[in-house]
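Visitor: Provide a 3D model corresponding to the input given below.
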Amino acid sequence: MSLQEEAGAAGIDAARREARSDGPLVAAYRDGLGLTAVLVMAGADGVQIAAGRQTDLAAMRWWCRRTGDAERVAAAATARLRRGAARGGAATAAAAGESIEAAARRLNVTLRSDGDICAEAAAVIARVGEEIERLARSGELKSVNKSYRAYRIEASARGERVLRYADWMSKYKEKLVRELAAALRYV
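Guide: Predicted structure coming up:
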């Protein structure tokens, strides 16, 4: 299966699963790594290729470690797609995916699929979850609980709405995943 087919089929499925389950944690992982997407978007204006981090409307997406690489791949793929359309080819999402793969090969840029990123993130997320469970079992979450208490007192003093503990803990896990991913960025 080509990277395009994987990104098209598995990528959409992964995005749907991500939104239902660990979406914020996977997004924190991508953010921590500093990934930028090369996107295929189909709309009223036809098929477009772009680089960016807002991936909600993408029909297909691949991930690059550097924003500059994603922008170069998107520009080269767009030019290739336009040349193909000028020769009578259809500017479809599949053609855009092929253009992205070819541009990445030509520019020697490694693209990673949603499935790859989700699998890597799942390992980091599981590790964070296991560590928090271990700390809870051993009674070592006292410092975390003190942080929540301090947050609650400060937010109340400012007149802000206070997050429930479970919601605050979710944000705390996101922060941990983002920090772990940032540590892995240059490995």
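Visitor: what's the lengthiest helix in the chain packed up against?
Guide: For the chain, the helix with the greatest residue count under DSSP state H is helix 114-138. Counting contacts by 3 or more C-beta pairs under 8 Å, 6 or more residues apart in numbering; DSSP states H and E, the secondary-structure elements packed against helix 114-138 are helix 11-20, helix 23-33, strand 60-64, helix 165-184. Just so you know, the C-beta spots here come from the backbone N, C-alpha and C atoms, and that holds for glycine as well.
Visitor: which one of the ones you listed is the most hemmed in?
Guide: Across the helices and strands packed on helix 114-138, the average number of neighbours (mean count of other C-beta atoms under 10 Å) peaks for strand 60-64, which reaches a mean of 25.
Visitor: ok, back up a step: ranking the helices and strands packed on helix 114-138 by mean pLDDT, which is last?
Guide: Comparing mean pLDDT across the helices and strands packed on helix 114-138, the weakest is helix 11-20, with a mean of 46.
Visitor: The helices and strands packed on helix 114-138 into TSV, with extra columns for distance to residue 108?
Guide: What follows is the helices and strands packed on helix 114-138, written out as TSV (distance: least, C-beta to C-beta, whole Å):
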stretch	distance to residue 108
helix 11-20	22
helix 23-33	20
strand 60-64	12
helix 165-184	22
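Visitor: sorry, back to before: may I see the buried residues of the helix or strand following the longest helix of the chain?
Guide: Reading on from helix 114-138 to the C-terminus, the next helix or strand found by DSSP states H and E is helix 142-158. Residues of helix 142-158 classed as buried under the neighbour-count rule (16 or more other C-beta atoms under 10 Å) are 148, 151.
Visitor: again, but for stretch 43-59
Guide: In stretch 43-59, residues buried by neighbour count (16+ other C-beta under 10 Å) are 47, 48, 49, 50, 51, 52, 55, 58, 59.
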